[in-house]
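A.B. asks: sequence plus the predicted model coming up.
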Amino acid sequence: MAANKTNKLAFLSMPAPASYVAGLGRGASGFTTRSDIGPAREGPSAEVIAEAQARRGEEPEIDPEQFQDPDNEYGLFAGTTYEADDEEADNIYEQVDQNMDARRRARRCVEALENAELAKHRAERPKIQQQFADLKRGLAVVTDEEWENIPEVGNLTRKKRKRDERSFVVPDSIIVGDRSKAEYENSLDGRQQAAGGFETPADSGTLTNFVEMGQARDKILSLKLDQVSGTSTSSGLSTSIDPKGYLTSLDSVVLKTDAEIGDIKRARMLFDSLVKSNPKHSPGWIAAACLEEHAGRMVAARKLIKAGCEQCPKSEDVWLEAARLHSNDDAKVILANAVQHVGQSVKIWLAAADLEHDIKAKKRVLRKALEHIPNSVRLWKETVNLESSPVDARILLSRAVEVIPLSVELWLALARLETPEKAKAVLNKARKAVPTSHEIWIAAGRLLEQEAHVPGKSNEERDKELEVVDKTIEAGVRQLRHHQVLLTREQWLKEAERCENEGSPRTCEAIIKATVAMDVEEEDRLDTWMSDSESAESRSNVGTARAILAYALKVFPDKRTLWRKAADLEKAHGTRDSLSSILERAVHHCPQAEVLWLMWAKEKWLAGDVPAAREVLERAFVANPESEQIWLAAVKIEAENGELGVARELLVRARTVADTQRIWMKSAVFERQQGQIDMALETLATAIRKYPKFAKLYMIQGQIHQDRKEYSAARASYAAGIKQCPKDVTLWILASRLEEADGRSIKARALLDKARLANSGSDVLWAEAVGVEERSGGAAQAKTVLARGLQECSTSGLLWSMTIWAEPRPTRKSRSADALRKSADDPLILCTVARLFWTERKIEKARQWFERAIAANPDLGDNWAWWLKFERQHGVSEQQVEVVKKCIAAEPHHGMTWQSIAKAMKNVGKSTEDILELVAAALH
């Protein structure tokens, strides 16, 4: 039975069938990797499988679908009828296919365009590999000898590269260890034998004294130095070397690194190739010589430049470089040879003249040069400059203008050397020779102006000759236009400024008269001329600005702004007489301009001429009989000069003639200042009946009652004023301070609350509320009110300033930064920042910020007082005087402390300087 049992493993000894692949049945036909996607071994092909099946007698399987027509449906829908729905569906599918194909077509078009652009870009800018393809192919014919002669690649960037050249000293222990490494010790020291060989012998407490070793080393070094310097007397081997000179010579030695030496060698090879390939190229010879000079090889440099002179004898640069590289005597010889080849070179002759140290030799060289180059303006100028005698210079210039008649510089130089009469003839000749030069006409005008100011002439003669200057410049501009020389208006203005700077103001004025109206539209003339005047004044050309304004006033005599601008210019840069003359002309042309009358009267008053000021105001009354400003100015002049009766009469007449609310207010203030309180109250009562909406009348009335301690009457006055003028913030504040002075802080607080309801957004009311809380002792409540006020008025400089000072010292700087971000140009914030720098002892910064605060608003008197107080503490007397002068010129009228002090009855009549001192003393 065992013999009939089949062997299951018999197939192992049988040959494998054809096309057998182990594991093919379970899919083990190969493997894939990440780098090579695909089967590791290909399976049997269809022909091999068909051959194997035929060998085994198997029939090949036939796919029944392989002969099926794809257009004929079969199966589930084979027997159905083709209906309209099927046609509609096919149409829809066909449209979808068409849309998809159109989308793909657009994408294909875009890709085709991109490919075309890429191909065009590659054609214009091929890759480096493509650029060098022909050179690579050319390397096939390079011989071994040519390959060996190719220079090595190196650094041609002239940049030094850091090299690790550090070195370390080998310790003595290593040297001693290496020396005794091969030695053997075969005996013991006696002390070692005494100790049994187990203890290291050493002296007890013995240490190495390094100080003594250092001293010994220094002594040996000093002996060596003495021997070298020759100061040692103990040895007969002293030398004559000067140590200081030796060190100096060492400083002059230029040490070059290996990289620099390599760069010089490569550059030398390049320049050598350059001059050999193109020996007529002069810059190559110059560069090669400069390279050798840089390398310190002067002999080689001179040889190269000599060869360059031989190869390029027509190049002046090569000859000049050769002269520079040689000594003075050799350079003279070189330049003498140069003029044989390039005798028309002005640079060669000038360089030859510079080599001469004697004036006579220089003259000789330059005159020889003029024989070769007689038409060189530069040579003539150098020759004339060497002449010390005006007569010789005049002779040379006369010859020069004959040779070069078109040189304007030579004509002008000759005219300057001649007498006035001959100078006129010279300029006439120059004008005929060079009719297109404006400099000649300007020089003629300056000459005429110079003659007009010769001492000994009367004013009439001088005026006539100055009129000739205007006519000359006008004729010059006309002639230049005739010869098609069209200078722009800006160029003429620059010439006018140059004449003013060189001391010819009338010529400047003549140029302005003749050219300032050029190329300006009629409607833009006023604005253009005013801007020209301002720009000239900013460049400190006051004469030019004055001339522009004078011409503008002739064209626009009735423009008040022009007269005011001219008056301000004379006030800043002119004299009292010129200012008075301008103002007199101004009121003649603009009699209705009250400000011009007042300026004229004030200037007369400041000059101390009170009768003239009264006369001016009388003329002003005739032209402006109902002008309240002129009436009040007349009252002020009389009051300041002690004529109180006349001032009172003027006020009575003014109330009758002009009858304005301001005149009634000034009348009440005048009576109050003179102590006539009842008269003042009577005047105020009448004025309030006439002008019930004028808040200042109620303020003055309430202040008079408050000074008399009549709180109920003052309260009634303020209440009436608030009822009539609820939008006036000052009335509310005065009413609140009255209640506070009467001991009613709660009433004051309530009034301020009502005021803020009527006048929302008023930072002054919030600041007053904060002050009420602080004065009543509620610091925490004051801080709360301040925070609320800052929320409502986020850009208020007053509230921000109070907030900064309410902060503790460490946080003030950050709070000031917040304030500057909110309102950077507020003068109160700028002044606060300056005071912060003051507290930090940053003096210069504080001074700069005080200047910024004043520039932002010069009308704030408190800022002036803070600045003066700062200079009193940290500045010098000159700076303090400068602050006071600027404050007087600015005449400030506002500021919380300034107004309270300036309007106090005890300070009536005090000057700006006195008020400034009082305010500075009151600030803390």
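C.D. replies: Arrived safely. Numbering: from 1, shown residues only.

A.B. asks: which non-adjacent residue is nearest Thr544?
C.D. replies: Ala536 (4.2 Å; Cβ to Cβ, 6 or more residues apart in numbering). Placement of C-beta: from N, CA and C, glycine included.

A.B. asks: first vs last residue of stretch 651-662, how far apart are they?
C.D. replies: 11 Å (Cα to Cα, to the nearest Å).

A.B. asks: distance of the residue nearest to Thr544 from His483?
C.D. replies: For Ala536, the distance to His483 equals 28 Å [Cβ to Cβ, to the nearest Å].

A.B. asks: quick one: average confidence on stretch 404-419?
C.D. replies: Mean per-residue pLDDT for stretch 404-419: 81.

A.B. asks: again, but for stretch 268-277
C.D. replies: On average, stretch 268-277 scores 85.

A.B. asks: just give me how far that stretch sits from the chain centre.
C.D. replies: For stretch 268-277, the separation from the chain centroid amounts to 47 Å (computed by Cα atoms, centre = their mean, to the nearest Å).

A.B. asks: how about stretch 453-467?
C.D. replies: When distances are taken as Cα atoms, centre = their mean, stretch 453-467 is centred 48 Å away from the chain's centroid.

A.B. asks: end to end, how far does it reach?
C.D. replies: End-to-end for stretch 453-467, by Cα to Cα: 13 Å.

A.B. asks: please apply the same query to stretch 807-826.
C.D. replies: First residue to last in stretch 807-826 (Cα to Cα) measures 19 Å.

A.B. asks: try stretch 600-619
C.D. replies: Calculated as Cα to Cα, the first-to-last residue distance of stretch 600-619 is 11 Å.

A.B. asks: run the chain-centre distance for it.
C.D. replies: For stretch 600-619, the distance to the chain centre is 48 Å (Cα atoms, centre = their mean).

A.B. asks: same check, this time on stretch 901-912
C.D. replies: 46 Å.

A.B. asks: CA atoms only for it, dumped as CSV, please.
C.D. replies: C-alpha atoms of stretch 901-912 as CSV (Å, rounded to 0.1, in the frame of the first residue of the first chain):
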residue,chain,number,x,y,z
ILE,A,901,-1.2,139.1,35.4
ALA,A,902,-1.3,141.4,32.3
LYS,A,903,-5.0,142.4,32.9
ALA,A,904,-4.6,143.0,36.6
MET,A,905,-5.3,146.6,37.6
LYS,A,906,-2.0,147.0,39.4
ASN,A,907,-0.1,146.0,36.2
VAL,A,908,-1.8,148.5,33.9
GLY,A,909,0.7,150.3,31.7
LYS,A,910,3.6,147.9,32.2
SER,A,911,5.7,146.9,29.2
THR,A,912,5.9,143.4,27.8
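
A.B. asks: list the buried residues for it?
C.D. replies: Across stretch 901-912, burial judged by 16 or more other Cβ atoms under 10 Å covers 901-902, 912.

A.B. asks: what of stretch 366-373?
C.D. replies: For stretch 366-373, a neighbour-count test (16+ other Cβ under 10 Å) marks 366, 369-370, 373 as buried.

A.B. asks: state the pLDDT value of Leu189.
C.D. replies: Rather than Leu, residue 189 is Asp. pLDDT, Asp189: 59.

A.B. asks: what of Glu584?
C.D. replies: 86.

A.B. asks: nearest spatial neighbour of it, skipping sequence neighbours?
C.D. replies: Trp600 (6.9 Å).

A.B. asks: can you get me a residue count around that neighbour?
C.D. replies: 24 (other Cβ atoms under 10 Å).

A.B. asks: that one is in what secondary structure piece?
C.D. replies: Secondary structure assignment for Trp600, by DSSP states H and E: helix 594-606.

A.B. asks: quick one: least confident helix or strand in this protein?
C.D. replies: Taking mean pLDDT, DSSP states H and E as the measure, the helix or strand of the chain with the lowest value is helix 243-252, at a mean of 51.

A.B. asks: gap between Leu828 and Leu820?
C.D. replies: Separation of Leu828 from Leu820 (Cβ to Cβ): 12 Å.

A.B. asks: leaving out the residues flanking it, which one is nearest to Leu830?
C.D. replies: Ala853 (3.7 Å).

A.B. asks: does whichever strand or helix holds Lys636 pack against any helices or strands, and if so which?
C.D. replies: Assessed by DSSP H and E, Lys636 sits inside helix 628-640. Judged by 3 or more Cβ pairs under 8 Å, 6 or more residues apart in numbering; DSSP states H and E, helix 628-640 is in contact with helix 594-606, helix 610-623, helix 644-657, helix 661-673.

A.B. asks: buried sites along the last one?
C.D. replies: Going back to what we said before, that points to helix 661-673. So, applying 16+ other Cβ under 10 Å, buried residues of helix 661-673: 661-672.

A.B. asks: cool, and the first one?
C.D. replies: Neighbour counts using 16+ other Cβ under 10 Å place 594, 596-605 of helix 594-606 among the buried residues.

A.B. asks: closest one of these to Leu569?
C.D. replies: Closest approach between these and Leu569, by Cβ to Cβ: Met599, at 12.8 Å.

A.B. asks: residues contacting that closest one?
C.D. replies: Residues in contact with Met599, defined by Cβ atoms under 8 Å, 6 or more residues apart in numbering, are 567, 583.

A.B. asks: relative to Trp605, how far out is it?
C.D. replies: Taken as Cβ to Cβ, the span from Met599 to Trp605 is 11 Å.

A.B. asks: now do the SS call for Leu414.
C.D. replies: helix (DSSP: H, G, I helix; E, B strand; the rest coil).

A.B. asks: does it touch Ser398 like I think?
C.D. replies: Yes: contact criterion Cβ atoms under 8 Å: Leu414 and Ser398 qualify, at 6.5 Å.

A.B. asks: which residues touch the residue nearest to Ala300 when sequence neighbours are not counted?
C.D. replies: Nearest residue to Ala300, sequence neighbours excluded (Cβ to Cβ, 6+ apart): Glu292, at 4.4 Å. Glu292 makes contacts with 268, 298, 300-301, 304, as judged by Cβ under 8 Å, 6+ apart.

A.B. asks: with Val669 instead?
C.D. replies: Counting by Cβ under 8 Å, 6+ apart, Val669 touches 680, 700.

A.B. asks: Ser776 too?
C.D. replies: Counted by Cβ under 8 Å, 6+ apart, Ser776 has contacts Ser745.

A.B. asks: buried sites along the helix or strand hosting Glu293?
C.D. replies: Element membership for Glu293 (DSSP H and E) is helix 282-294. Neighbour-count burial for helix 282-294, counted by 16+ other Cβ under 10 Å, picks out 282, 284-293.

A.B. asks: average pLDDT across that helix?
C.D. replies: 88.

A.B. asks: after that helix comes which helix or strand?
C.D. replies: With DSSP H and E, the next secondary element past helix 282-294 is helix 298-311.
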